[in-house]
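# Sequence and computational prediction follow.
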Amino acid sequence: MSYGSSYSGAGARARATRVLTDPDVFFSTDLRSLGQPDSPLVAVVDDSYFARRVVVLGLARAGIEVADYGDGFEALDAWQSGKDAPPRVLLLDIGMPRLSGYEVARLIRSKEEFADTRIIMLSSYCGPLDRVRSKLVGACDFLAKPFAAPELVRRVRRALGLFDPGETWPE
């Protein structure tokens, strides 16, 4: 069983990588052009409508297009059916009732189409065990709820490989 479709080829992936790593090109490029026309750069999966709206609006203000899904099954179905291609960054809520963020992360990590997808876990559960478990399922970052929009944008930019002026590289 395959989830979603892969990016449109090596040329598109090389172009996207060049845009993401070269600040001069990045700041003069429309972020929406990095993925397929039907694929946003970022996706959020959260059972809370309010939390999804906060993410979508916060990132939209920064010029980043976001697809949002109400649960893991809805997202997996969209990717499996080919309706949406895998996103570059996936924001996953841990505490969803039908399929947890951990389970979604485990499922997509087993698929080749998601090899380049960076996962940021979102949760109001922010203990050390939650952070460690997030790393174990393949997340690159963890953001505790509630969060401020500038912090969300900073974390997404970091997951895309972009750093703000004056920001140091992570250890």
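In hand now; what should we look at?
# for the chain, which spans come out with low pLDDT?
1-40, 163-171 (pLDDT under 70).
# can you pull out the strands in it?
42-45, 66-69, 89-93, 118-123, 141-144 (DSSP state E).
# now V104: how far from L57?
23 Å (C-beta to C-beta, to the nearest Å). All C-beta spots, glycine's among them, are computed from the backbone N, C-alpha and C.
# okay, the two: which has more neighbours?
Comparing V104 with L57 by other C-beta atoms under 10 Å, the one with more neighbours is V104, at 24 against 11.
# Same list, the strands of the chain, but as a markdown table with distance to P150 please.
Below are these laid out as a markdown table (distance: least, C-beta to C-beta, whole Å):
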| stretch | distance to P150 |
| --- | --- |
| strand 42-45 | 16 |
| strand 66-69 | 16 |
| strand 89-93 | 15 |
| strand 118-123 | 15 |
| strand 141-144 | 12 |
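# so which of these comes closest to R157?
Closest to R157 of the strands of the chain, according to C-beta to C-beta: strand 89-93, at 9.3 Å.
# Next, the buried residues of that closest one.
Neighbour counts using 16 or more other C-beta atoms under 10 Å place 89-93 of strand 89-93 among the buried residues.
# With stretch 46-59 instead?
Going by 16+ other C-beta under 10 Å, stretch 46-59 has these buried residues: 46-48, 51-52, 54-56, 58-59.
# gap between that stretch and the chain center?
A distance of 13 Å separates the C-alpha centroid of stretch 46-59 from that of its chain, computed with C-alpha atoms, centre = their mean, to the nearest Å.
# Can you show me the CA trace of that stretch as PDB?
Presented in PDB, the C-alpha positions along stretch 46-59 are these (Å, rounded to 0.1, in the frame of the first residue of the first chain):
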ATOM      1  CA  ASP A  46      -4.800  18.100  14.500                       C
ATOM      2  CA  ASP A  47      -8.300  17.100  15.800                       C
ATOM      3  CA  SER A  48      -8.800  20.600  17.200                       C
ATOM      4  CA  TYR A  49     -10.300  22.900  14.600                       C
ATOM      5  CA  PHE A  50      -9.100  25.900  16.600                       C
ATOM      6  CA  ALA A  51      -5.500  24.600  16.800                       C
ATOM      7  CA  ARG A  52      -5.500  24.000  13.100                       C
ATOM      8  CA  ARG A  53      -6.800  27.500  12.400                       C
ATOM      9  CA  VAL A  54      -4.000  29.000  14.600                       C
ATOM     10  CA  VAL A  55      -1.400  27.100  12.600                       C
ATOM     11  CA  VAL A  56      -2.900  27.900   9.200                       C
ATOM     12  CA  LEU A  57      -3.300  31.600   9.900                       C
ATOM     13  CA  GLY A  58       0.100  31.900  11.600                       C
ATOM     14  CA  LEU A  59       2.000  30.300   8.700                       C
END
